[in-house]
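Peer 1: 3D, please:
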Amino acid sequence: MLTSFMQKAQSFIDQNPLNAHVDGRPSKASLLREQFRLPPSQNPLAEIAAEVFLPFPLSSSSAVTSGERTRDRGNRYLGELHLSESFLCFSTLRTSFLPTASHSSSTSFTGLTNGAGPGGLGFTLPLCSIRRVERLNSHHDKFSLALTTFEALQRQPLEKAITARPTRKIIITLDASRGSCERFCDGLKKGLREGMKEIDTLRAMATTCYSEYLLDPARIKAKEAGVKGPDAPDAGLGMLFRYPGDARKLRDGSKMRLWAEYMRENGRHATMVRQPTFSKLIRVGLPNRLRGEIWEICSGSFYTRLRNPQLYSRTLAKFVGKESLAIDEIEKDLNRSLPEYPGFQNDEGIERLRRVLTAYSWTNEEVGYCQAMNIVAAALLIFSSEEQAFFLLGALCDRLLPGYYSKDMYGTLLDQKVFECLVEKTMPVLWEHLVKSDVNLSVASLPWFLSLYVNSMPLVFAFRVLDVFFLEGPKVLFQVGLAILRLNGEELLDVSDDGSFIQILKNYFSCLDESANPRSENEKLRAITKFQELMVTAFKEFSGITQSSITDLREKHVDEIKKGLATFAKRTSVRNLGPEAKKLSADDLSMLYDRFFDVLSDRQARAEEREEQRQKQEQQRVRPSLWSHRSAADNGDAPSSKAAPVQVMDYDAFREFLARTAKWAVTDAPSFPSQEIQSPSPAQRKRSATLSPWGDGPEPADHDFMQRLYGKWDDSKEGALTLQSLAAGLARLKGSTDIMSSMTLFFDLFDDEGAGKVDREGILRMSESLLFLSRRGFDGAITPTDSINGFASPTSPNSLDADLPKLSTNERFLGSVSAFIRRCFEYADPDQPVDTTANEISGHLPASGITPSGDEQLDLIDLSSTTSTTKNPSSPHPTSDHPLCPTPPDSTVSLAPIAKNGGASRSRAASHNVALDPSKPLHITLPTFRMVILADELLEQFFETFFPSSFHLSDSPDALSVSLPASTLSGNLTTFTNLGTPVKNLIGGNSGKTMLNIGSAGGIVGPGSIGVRGLLDNIVNDARI
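Peer 2: You can find the predicted model right below:
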């Protein structure tokens, strides 16, 4: 009672304890599914110790509910009874999947199973297959139930006339307190109600099983009467093109009779009970027409098909006529799939194989199609229908052999490492010889594992291996492989190269049907074939190879294998980036590859975690009804619906990449400020932190420049930036020290039409981008001289004030941007002919972007002058020979303060300002842009040094330096805010001398103002002044 109360309390504390992973260990729910081969949507809801009693079929004709008399003859099994959303499972292997259960008690089924498989002796009953539950008349301290299954109830009316056997029942006695028994029964009752909704699906599936046809009373009655009975269901291509091997030598008829008798007594397909005879019948070989169905039951794909009965047909209909890379690969391999079998020399077999492989490639885009999958699917189709083969293939790829059939085949490579470790441990002499002779074991063994021995052994014997494989799991592949080496050990000790090693094994496989003891005088020994000897050696001498030991070895070597695969994939990808990327250093390319896929994998992981959180919240919302019915479309029991790993960047991923590469790409106002997340555990705090759209990294900005850069580098123009395109874009910018290339790339970003010119809006966008890129400082990449942008050195005779403090680099760069805007409009070309008035007005634009002022607010440009001192030939002052001279001699702007009544001035500015007049479009070309940039020392250094070096790859900046402290100059937000403030005050010192209070003059726009357009308006005498 106390234990059940604690479990209930725990379920409220931890809303989803079954799916939690601790220290990388599998969850309790996944262990339950692994033991009983359940669909992915199933979770442990309740469990209880129980005794299962299976009465002998002919033991009594009395009612089962009559008491203890019916329990005298039959088989009793002690074990654990488990209840999930849609299944009732029992196993003699005592396991516990409660939240409080230890890991060892949850994984005991991975140890020795005595040939019964992970499920042991017991059953896995879909709740929809239980048609009646009766409470038995037992003692007051007993709690017994009698279950009547679907097939027993279905055959009762007709079968009574044929066999006169009583209805088969399963007697379950719960071994717990009465309160625990009542709670378990309440859960079972709810599940049975929900299971009634799936009874029609079960009936439809039963008609596709050959066992249903085999035991069909109508078929038996028609056979006895000598008339045609119902048609047999599809049992694979073997029904059309004959099954491999000689049916008489294989004793197929005898095996079929044994299985028919077993199924009459212990149920069939969904309701089959696993007794000791079950595994023995599998070991001696399955009958051909029942093989596909038994494979389905043992692998669990039958239960997945039960939950998704229309998935195969729906997938084919949905993707009919569509093309993909996987389909192209499938077409290449169709004619190379078991060509020795007649069925695949015919269009019928080829079409079936094509449909199965195509359907699976669409349902599991992460795997799609890969090497050897066609061999395995072809083998399955010989004994199963298309639909059965489709779900069997899903069970193989997703659950039984994860990673075997993937793009990098890491599962196969990992198991090769495990197999080598087992050979070294069990056969040290042979292993030492192979190492000494430099013989690569995986050259021979990798095809064994990848094709499940189908391509190595004759088909008749390979299918015998598959029989046991589906029952006991992947450990069979290791046991059979070790037995092959052991039986050929003496000959293998004489080999000295890979060729002779493989030839010995080929010769052995070709004579598996021969006698293992041809010279023995004992007739029984002579009758033992080499294949029988192989199977006995595998399961007796190597019985210590368990799933648990294989899992331990996999965990030991998985990091090494994945690291090797990652290195190989990285080296191959970097090599194939193209000649343009070679401009980057090897370190830069390596870092670029890592950062590109780190961003993509992190974003995909966060998306999956958010979806998982959403599903958890949905489960919590409907938690009072854990047995609520799910439709086939949303129950999550498909073989796999994982999307393929993302290989291209969308714009948001590109922003995140830039935020990890350049400081200017980090936003100034994070929408998700980092703060301590109050959680009961560090693990939960970590999970909560990753819910940010940007993970643990800095939040990226979103600026027009970043959008243009993405659009320029995205060759597909479909929002899919590849690694090759990104590398080429960075190489053109960062891999060259040519300032002309840097300026050309920047100019091309704003050449929207590709006509080699940038219009008025583009010029403003350029200015905004320059300010955006420079707002976090230059990190010493720009070192201005004393005379720049009109600020003469103190020794210059034209110096305004030798005692004035020097402006900072950031503030001088702002002046350069101000001058850049003015000069662009001054030397811009008109899109259409303009009158002389416009030409005259262009001459009035000032040469200096920042002009010192006194206490009064000054006008930058005196528009009262009607002629330009630099353009008027009658001007008494000499003009500079250089067309971009910052300030002509004696041609200074008016320092007169603005009149209070500035209406006339504002009207004149609006009517005579070419830069603000939309009726007179203008543009600059690339030569003009270069000329303007090269005329300014700071802008020249910006494009030559800072702009390319601001993209950090192998020289990645410290993450802490992105968020600069407030005590530093560039930490005070942007270039705009520091003007008029003593420099020493900005860096933490004290200064009594105040910097020039430029205020809103000189193109300075304070925070919260109107941006670079305000800057332009100031330059051309904004009406706000």
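
Peer 1: For Gly253, give its distance to Ala247.
Peer 2: From Gly253 across to Ala247, the span is 7 Å (Cβ to Cβ, to the nearest Å). Every C-beta, even on glycine, is put in place using the N, C-alpha and C of the backbone.

Peer 1: where are the low-confidence patches of the protein?
Peer 2: 1-24, 58-72, 138-141, 152-166, 619-645, 672-692, 785-806, 832-917, 955-1025 (pLDDT under 70).

Peer 1: Please, where are all the helices along the stretch 301-450 of the chain?
Peer 2: In the stretch 301-450 of the chain, the helices defined using DSSP state H, counting those that start in this stretch lie at 301-307, 311-318, 325-333, 347-363, 373-383, 386-395, 410-426, 428-436, 442-450.

Peer 1: Using a markdown table, please lay out those helices together with distance to Trp664 and mean neighbour count.
Peer 2: Formatted as a markdown table, these follow (distance: least, Cβ to Cβ, whole Å; neighbours: other Cβ atoms under 10 Å):
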| stretch | distance to Trp664 | mean neighbour count |
| --- | --- | --- |
| helix 301-307 | 51 | 25 |
| helix 311-318 | 46 | 16 |
| helix 325-333 | 38 | 15 |
| helix 347-363 | 43 | 20 |
| helix 373-383 | 48 | 26 |
| helix 386-395 | 48 | 26 |
| helix 410-426 | 39 | 20 |
| helix 428-436 | 55 | 14 |
| helix 442-450 | 50 | 20 |
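
Peer 1: how about these, which one is nearest Phe509?
Peer 2: Closest approach to Phe509 among the helices of the stretch 301-450 of the chain is made by helix 442-450 (9.9 Å; Cβ to Cβ).

Peer 1: same for that closest one, what does it pack against?
Peer 2: For helix 442-450, the elements it packs on are helix 410-426, helix 475-487, helix 498-510, judged by 3 or more Cβ pairs under 8 Å, 6 or more residues apart in numbering; DSSP states H and E.

Peer 1: if we compare these, which one ends up closest to Lys562?
Peer 2: helix 410-426 (6.2 Å).

Peer 1: what angle sits between that closest one and helix 475-487?
Peer 2: With axes from the mean of the first three to the mean of the last three Cα atoms, to 10 degrees as the basis, helix 410-426 and helix 475-487 are set at 40 degrees to each other.

Peer 1: Can you tell me what sits against helix 410-426?
Peer 2: Outside helix 410-426, the residues within contact range by Cβ atoms under 8 Å, 6 or more residues apart in numbering are 401-405, 430-431, 434, 441-442, 445-446, 449-450, 474, 477-478, 481-482, 485-486, 542, 545, 550, 553-554, 557-558, 560-562, 565.

Peer 1: Of those residues, which qualify as buried by neighbour count?
Peer 2: By neighbour count, with 16 or more other Cβ atoms under 10 Å, those hold 401, 403-405, 430-431, 434, 441-442, 445-446, 449-450, 474, 477-478, 481-482, 485-486, 542, 545, 550, 553-554, 557-558, 561, 565 as buried.

Peer 1: of Gly253 and Ala247, who's got more company?
Peer 2: Using other Cβ atoms under 10 Å, the more surrounded residue of Gly253 and Ala247 is Ala247, with 16 against 11.

Peer 1: Doesn't the more buried one belong to a strand?
Peer 2: No - applying DSSP: H, G, I helix; E, B strand; the rest coil, one finds Ala247 to be coil, outside a strand.

Peer 1: need the contact list for it.
Peer 2: Counted by Cβ under 8 Å, 6+ apart, Ala247 has contacts Gly253, Asn288.

Peer 1: Check Val574 too.
Peer 2: So Val574 contacts Ala581, Leu589, Ser590, Tyr593 (Cβ under 8 Å, 6+ apart).

Peer 1: Among those, pick out the one closest to Phe87, please.
Peer 2: With Cβ to Cβ as the yardstick, the closest approach to Phe87 among the contacts of Val574 comes from Tyr593, at 45.3 Å.

Peer 1: What strand or helix carries that closest one?
Peer 2: Per DSSP states H and E, Tyr593 falls inside helix 586-621.

Peer 1: Which strands or helices does that helix pack on?
Peer 2: helix 547-575, helix 651-659, helix 723-734.

Peer 1: repeat that with 10 Å
Peer 2: Other helices and strands packing on helix 586-621, by 3 or more Cβ pairs under 10 Å, 6 or more residues apart in numbering; DSSP states H and E, are helix 547-575, helix 651-659, helix 682-689, helix 723-734.

Peer 1: got CSV for the ones you listed, with distance to Ala146 too?
Peer 2: Converted to CSV, the helices and strands packed on helix 586-621 look like this (distance: least, Cβ to Cβ, whole Å):
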stretch, distance to Ala146
helix 547-575, 34
helix 651-659, 59
helix 682-689, 46
helix 723-734, 64
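
Peer 1: how near is Arg708 to Asn576?
Peer 2: 28 Å.

Peer 1: Of those two, which one has the most company?
Peer 2: Arg708 (19 against 10).

Peer 1: residues in contact with that one?
Peer 2: By Cβ atoms under 10 Å, 6 or more residues apart in numbering, the contact set of Arg708 is Phe746, Asp748, Leu749, Phe750, Asp751, Asp752, Gly762, Arg765, Ser769.

Peer 1: can you check Phe705 too?
Peer 2: 664-665, 746, 749-750, 765-766, 768-773.

Peer 1: Just among the residues you listed, which is most surrounded?
Peer 2: Ala665 (27 neighbours).

Peer 1: Which stretches in the stretch 651-800 of the chain count as strands?
Peer 2: 757-759 (DSSP state E, counting those that start in this stretch).

Peer 1: all helices for it, in order.
Peer 2: Assigned by DSSP H, counting those that start in this stretch, the stretch 651-800 of the chain shows helices spanning 651-659, 682-689, 704-713, 723-734, 739-749, 760-774.

Peer 1: And these: which comes nearest Glu611?
Peer 2: Closest among the helices of the stretch 651-800 of the chain, once you apply Cβ to Cβ, is helix 682-689, at 13.7 Å.

Peer 1: can you give me the end-to-end distance of stretch 41-50?
Peer 2: 25 Å (Cα to Cα, to the nearest Å).

Peer 1: Hmm, I typed the wrong one, I wanted stretch 121-135.
Peer 2: 24 Å.
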